[in-house]
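Participant: The sequence and its predicted three-dimensional model are supplied below.
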Amino acid sequence: MAARLPELFTQRVKGWLGQEFESFLASYEESPRAGLRVNSLKISVEELFKIAPFDYDPIPWCPTGTYLQEDDRPGKHPYYHAGLYYIQEPSAMLPVELLDVQPGDKVLDLCAAPGGKTTQIAGKLQHTGLLVANEIHPDRVKVLVRNLELAGVRQAAVFQETPDRLADKFAGFFDRILVDAPCSGEGMFRKDEAVIRSWERFGAEHYAPLQLQILHDAARMLKPGGRIVYSTCTFNPKENEEVIAAFLEAHKGFTVASQALADLSPHGACGGLRDWPGAEEVSPNLREETDKVVRLWPHRVCGEGHFAAVLQHTGSVVEAPHAAAAAVSVERLAAAEPGASLERKGHRKSAEPRGKRKAGKETAGRAAAEALTKLPDEAAAFFEQTLAEPIRGTWVQFGANLYRMPDLLPEGIWEGLKTVRPGWFVGYMKPNRFDPSTALALALTRSEVRRSLSFGAGSAEVVRYLKGETLLPEQPMDKGYVLICVDGYPLGWARSQNGILKNDYLAAWRWT
Ligand SMILES: C[S@@+](CC[C@H](N)C(=O)[O-])C[C@H]1O[C@@H](n2cnc3c(N)ncnc32)[C@H](O)[C@@H]1O
């Protein structure tokens, strides 16, 4: 693979790494290791590895993460469909560990799809606090929603917005914000060669101003004393140290927390790079800050290339956005690296930056959301018949869809925002009836329902259920909903009717 790396890229890395360059290059002859992260909303690490056909080979920076072996196929296992884990690149598990999420926190994941880090945050919140997940891209936001539902997340709202529009609504609101920024993806070349072609069109000079702008917007949404983790999966300092230096210059109340680097150095992590074009213009104080960021290099750790900076707010007030200073800093970063665009094959300077892509004005194409004063009767009757304990909370109806609002989401905040999920999607209001969603089933535990049937992971019944086929109960069952589980972990609903179990597993998720 090393031979297929773009020359411009290898030249630059040589400049950044010096003597280490040869071992960096040699790492591209090794296969990337895949990883899996246990969904601690549903199962503990210990329990999962008692029942799953994979070995626990811990990832040093993530206690719920494990390396996979080459012949492991976790995506084809029924436990995947029960949301017991998320398949995730090992280095990508780092940023959320640095976010220091505490139960009860209000957390924003600003660039969230496909949701690997969002589900990791949800595991830390343990159904407390609030998780707001945002993804600007309309197709990617659907994948994000699916992953949140599979993971059984209850206290999350999902938006498809630009960061600045979100910031207008959530000023000074969040304890923790993750900015896992869109980037040129150099750290992923070994894992996915298609990223190289994308890099050839949109490199660091395309992404850096966008990343800085996203960070400025994130700062507007942070509470005093809160924390932002900025991460990318690219090596180029223009998208990393330079963005951090420009951010810190405009926001005096932040510092880069040094603990992360101290904790991770024994595992092979490195600090920031010191030389990049223009580094000499950065003040010594800021250079000291960028020294404290965390870099994962593929020749030093078992994982792909990653960058993370813990931006800790230290003041008692987050300063009002320095609109002018922020704009100037973004402009300055937008200046292309000398020679870069000319050397880049097919580089299109006129390409529309992703940040300028418009998200919809209102909840376009969707009915307006309505907070309800009480649970509709049909849903209340379903809960009464099906659940051991009622679900309490505030309910929101969006068209025919019924949601339970996260406890800490301000009611009506979705007005004017493109809202994909105002909370936990529990089911559909139909004329005179309520149909529960698969998302409801997946976020429940077996003990929370009155009736369930559980089959072993290797059973024919589980395969039939996931394929959308009907099941035959061994004992006659009364009419009504039954939670279908694999080894005690919910997969979805079936309806007992006339001696058979009709399959209500979400059609789009069925095994084909
Ligand atoms: C690195 S990916 C996020 C990966 C995700 N955090 C995860 O762990 O699964 C960056 C995301 O930012 C989104 N994005 C692109 N432009 C954006 C913008 N201007 N504002 C916010 N997000 C943007 C991309 O669509 C992409 O899904």
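Facilitator: Done, it's in.
Participant: So which residues of the stretch 101-250 of the chain form strands?
Facilitator: For the stretch 101-250 of the chain, the strands defined by DSSP state E, counting those that start in this stretch occupy 106-109, 130-134, 156-159, 174-180, 222-232.
Participant: Settle this for me: residue 315 is touching residue 253, isn't it.
Facilitator: Yes - under the criterion of C-beta atoms under 8 Å, residue 315 makes contact with residue 253 at 3.8 Å. Yep, even glycine has a C-beta here, placed from its N, CA and C like the rest.
Participant: Find residues that contact each of the two.
Facilitator: Counting by C-beta atoms under 8 Å, 6 or more residues apart in numbering, the contacts common to residue 315 and residue 253 are residue 224.
Participant: Would you tell me which of the strands of the stretch 101-250 of the chain gets closest to residue 467?
Facilitator: strand 156-159 (28.2 Å; C-beta to C-beta).
Participant: ok so, going back, can you tell which of the strands of the stretch 101-250 of the chain is closest to residue 284?
Facilitator: Using C-beta to C-beta, those put strand 222-232 closest to residue 284, at 21.5 Å.
Participant: Going by neighbour count, which residues in the closest one are buried?
Facilitator: For strand 222-232, the neighbour count (16 or more other C-beta atoms under 10 Å) marks 222-223, 226-232 as buried.
Participant: among those residues, which two are most distant?
Facilitator: 223 and 232 (24.1 Å).
Participant: per-residue confidence for the closest residue to the ligand within the stretch 401-512 of the chain?
Facilitator: At 12.5 Å from the ligand, residue 418 is the closest residue in the stretch 401-512 of the chain, using C-beta to the nearest ligand atom. pLDDT for residue 418: 97.
Participant: phi, psi of it?
Facilitator: Listed backbone geometry of residue 418 is phi -80, psi 100, with angles given as degrees, to the nearest 10.
Participant: That one is in contact with residue 157, isn't it?
Facilitator: No - using C-beta under 8 Å, residue 418 is not in contact with residue 157; the gap is 11.8 Å.
Participant: Residue 465: which element?
Facilitator: Using DSSP states H and E, residue 465 sits within helix 460-466.
Participant: hmm, who's touching that helix?
Facilitator: Applying C-beta under 8 Å, 6+ apart, the set of residues contacting helix 460-466 from outside is 78, 81, 455-456, 470-471, 484, 486, 491-492, 494, 503, 505, 510-511.
Participant: rerun that using 6 Å as the cut-off
Facilitator: Helix 460-466 is touched from outside by 78, 81, 455, 471, 484, 486, 511, with contacts defined as C-beta atoms under 6 Å, 6 or more residues apart in numbering.
Participant: Quick check: residue 453 is in a strand.
Facilitator: Yes - under DSSP: H, G, I helix; E, B strand; the rest coil, residue 453 sits within a strand.
Participant: Report how many residues lie close to it.
Facilitator: Counted with other C-beta atoms under 10 Å, residues neighbouring residue 453 total 19.
Participant: got a pLDDT number for it?
Facilitator: 97.
Participant: Use 3 as the first number from now on
Facilitator: Understood, numbering begins at 3; the last thing we discussed is residue 455.
Participant: Pull up the gap between it and residue 475, please.
Facilitator: For residue 455, the distance to residue 475 (C-beta to C-beta, to the nearest Å) stands at 7 Å.
Participant: try residue 466
Facilitator: Distance from residue 466 to residue 475, counting by C-beta to C-beta: 13 Å.
Participant: Ok, residue 291 next?
Facilitator: Counting by C-beta to C-beta, the gap from residue 291 to residue 475 is 63 Å.
Participant: picking that back up, give the buried residues for the helix holding residue 467.
Facilitator: Buried residues in helix 462-468, counted by 16+ other C-beta under 10 Å: 463-464, 466-468.
Participant: lowest confidence element among the helices and strands of the protein?
Facilitator: helix 342-345 (a mean of 32; mean pLDDT, DSSP states H and E).
Participant: The lengthiest helix in the chain packs against which elements?
Facilitator: Ranked by number of residues, the top helix in the chain under DSSP state H is helix 206-222. Using 3 or more C-beta pairs under 6 Å, 6 or more residues apart in numbering; DSSP states H and E, the elements in contact with helix 206-222 are helix 165-171, strand 176-182, helix 243-252, helix 325-336.
Participant: pLDDT averaged over the longest one - what is it?
Facilitator: When pLDDT is averaged along helix 325-336, the result is 69.
Participant: Okay, now the unreliable bits of the stretch 253-402 of the chain?
Facilitator: In the prediction, the stretch 253-402 of the chain carries residues with pLDDT under 70 at positions 322-328, 330, 337-370.
Participant: any chance you could map the strands in it?
Facilitator: Counting by DSSP E, counting those that start in this stretch, the stretch 253-402 of the chain has strands at residues 256-258, 296-298, 308-315, 371-374, 397-400.
Participant: Tell me which of these approaches residue 87 most closely.
Facilitator: Across the strands of the stretch 253-402 of the chain, residue 87 has its closest neighbour in strand 308-315 (20.2 Å, C-beta to C-beta).
Participant: Hmm, residue 222 is touching residue 167, no?
Facilitator: No - counting by C-beta atoms under 6 Å, residue 222 does not reach residue 167; the two are 11.3 Å apart.
Participant: circling back: looking at residue 317 and residue 255, which is more packed in?
Facilitator: residue 255 (18 against 12).
Participant: Just confirm the more buried one contacts residue 315, I think it does.
Facilitator: Yes - Residue 255 lies in contact with residue 315 (C-beta under 6 Å); the separation is 5.3 Å.
Participant: Now residue 293: phi and psi?
Facilitator: phi -60, psi -20.
Participant: now swap in residue 476 and tell me
Facilitator: According to degrees, to the nearest 10, residue 476 has phi -70, psi -40.
Participant: okay, now it: neighbour count?
Facilitator: Residues near residue 476, counting by other C-beta under 10 Å, number 7.
Participant: likewise the one 10 residues further on?
Facilitator: Number of residues near residue 486 (other C-beta under 10 Å) recorded here: 24.
Participant: quick one: what helix or strand has it in it?
Facilitator: Per DSSP H and E: residue 486 is located in strand 482-488.
Participant: Up against the ligand, what does the protein have?
Facilitator: 94, 113-119, 137-139, 142, 165, 182, 184, 212, 216, 356-357 (C-beta under 6 Å from any ligand atom).
Participant: Quick check, residue 37 in contact with residue 92.
Facilitator: Yes - if you go by C-beta under 6 Å, residue 37 and residue 92 touch, sitting 3.9 Å apart.
Participant: Could you find the closest non-adjacent residue to residue 66?
Facilitator: Computed as C-beta to C-beta, 6 or more residues apart in numbering, the closest residue to residue 66 that is not its neighbour in sequence is residue 40, at 4.4 Å.
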